[in-house]
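Visitor: take this sequence and fold it.
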Amino acid sequence: ANKMASFLSTGNLVSSTGLDQMQISGYTIVAERLNFLRFLSHFRSVHRGQFFTTMRTTAVRKLLPDQWGFLCCVHTPDGGPCGLLSHMTSAVTIRADDVSSNQADKVLGALVNTFGARTAFTTTTTKSSKGSKNSNEMVPVVMDGIPRLALAASKLEEAAMYLRERKCAGTILEDLEVATITTSESAYPGLFLHTQAARMSRPVLNLQTQKNRADWAYGAAVPYDWCHRNHGGQTDCYWAQLYARRDRSAGTSKHYCQYDPLFRHESVST
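Guide: Modelled structure (predicted):
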């Protein structure tokens, strides 16, 4: 109990083994109350780790594709912590609750009943009349890192859109994260579903539904998937709020950041 109290008050890890951590200090910070925005920013900040401040590589400081829209690309300090200390955008929320197994099984049952998903992952090959081989390719349905079903690759995007429409209608989990990787985009295609806690989400408008219902976008769906992807000139979804691209502090500087001459501000121009 004393060691835990010391850890929370000082941010220093006291251990004879080091617990196989890359740093032993800097785990906590003091929430400064210089002003309200400064105080608020402490609780919206994300730090990669003090260990990376001494590294010469810049890869860890870059804003990766799966973080775009979730971490603000404007609000980061200059100097050593640049890129390491980031802040969540204004509309981002953290999913804090796990779902029950019954709710997760309901999602898998919808795939089995509607799209004929199988419980065994197999690839069948049939012969046509001319002797050529036609492979009915199957891709895995992975939920929370565990392969659960096998789905026909031709029904992959249709099944993903079906789950998103059910989310918008409120008939299945609102917190369900749906991400698809097709066979043309990666060597590991499949339908990836996530229901666990500690996930960042931001609101978007799903334009594929009849009433452009509100939906939630997650990190796994951004690099490969439906968010801002064009299909014949049509966009699957769009930002629910334009200012939500930045965090609360950066959003107060200008209404349209593309008019700012600074390079980091121009990088988020539309």
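Visitor: residue contacts, the residue nearest the centre of the chain?
Guide: Nearest residue to the geometric centre of the chain (CA atoms, centre = their mean): residue 219, 1.3 Å. Contacts for residue 219 (CB atoms under 8 Å, 6 or more residues apart in numbering) come out as 66-67, 70, 199-200. The C-beta positions use only the backbone N, C-alpha and C, and glycine is treated the same way.
Visitor: for it, report the pLDDT, please.
Guide: On pLDDT, residue 219 comes in at 71.
Visitor: swap in the one 3 residues further on?
Guide: The per-residue pLDDT reported for residue 222 equals 67.
Visitor: swap in the one 4 residues further on?
Guide: According to the prediction, residue 226 has pLDDT 51.
Visitor: before we move on, back to that, of the contacts of residue 219, grab the buried ones for ChimeraX.
Guide: Buried residues within these, by 16 or more other CB atoms under 10 Å, are selected in ChimeraX with:
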select :66,67,70,199,200
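Visitor: of all the contacts of residue 219, which comes closest to residue 22?
Guide: For the contacts of residue 219, the closest approach to residue 22 (CB to CB) belongs to residue 67, at 20.4 Å.
Visitor: tell me which two of the contacts of residue 219 sit farthest apart.
Guide: The widest separation within the contacts of residue 219 (CB to CB) is 12.6 Å, between 67 and 199.
Visitor: okay, stretch 45-61 in PDB with CA atoms only?
Guide: Extracted C-alpha coordinates of stretch 45-61, given in PDB (Å, rounded to 0.1, in the frame of the first residue of the first chain):
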ATOM      1  CA  SER A  45      -3.400  14.000 -22.900                       C
ATOM      2  CA  VAL A  46      -1.700  10.800 -24.200                       C
ATOM      3  CA  HIS A  47       2.100  10.400 -23.600                       C
ATOM      4  CA  ARG A  48       4.100   7.700 -25.500                       C
ATOM      5  CA  GLY A  49       6.600   7.400 -22.700                       C
ATOM      6  CA  GLN A  50       9.600   9.200 -21.300                       C
ATOM      7  CA  PHE A  51      11.900   6.500 -22.700                       C
ATOM      8  CA  PHE A  52      11.400   7.800 -26.300                       C
ATOM      9  CA  THR A  53      12.500  11.400 -25.500                       C
ATOM     10  CA  THR A  54      16.200  10.400 -25.800                       C
ATOM     11  CA  MET A  55      15.800   8.300 -28.900                       C
ATOM     12  CA  ARG A  56      17.100   9.800 -32.200                       C
ATOM     13  CA  THR A  57      14.400   8.200 -34.300                       C
ATOM     14  CA  THR A  58      11.300  10.200 -35.200                       C
ATOM     15  CA  ALA A  59       9.000   7.300 -36.100                       C
ATOM     16  CA  VAL A  60       7.400   7.200 -32.700                       C
ATOM     17  CA  ARG A  61       6.600  10.900 -32.900                       C
END
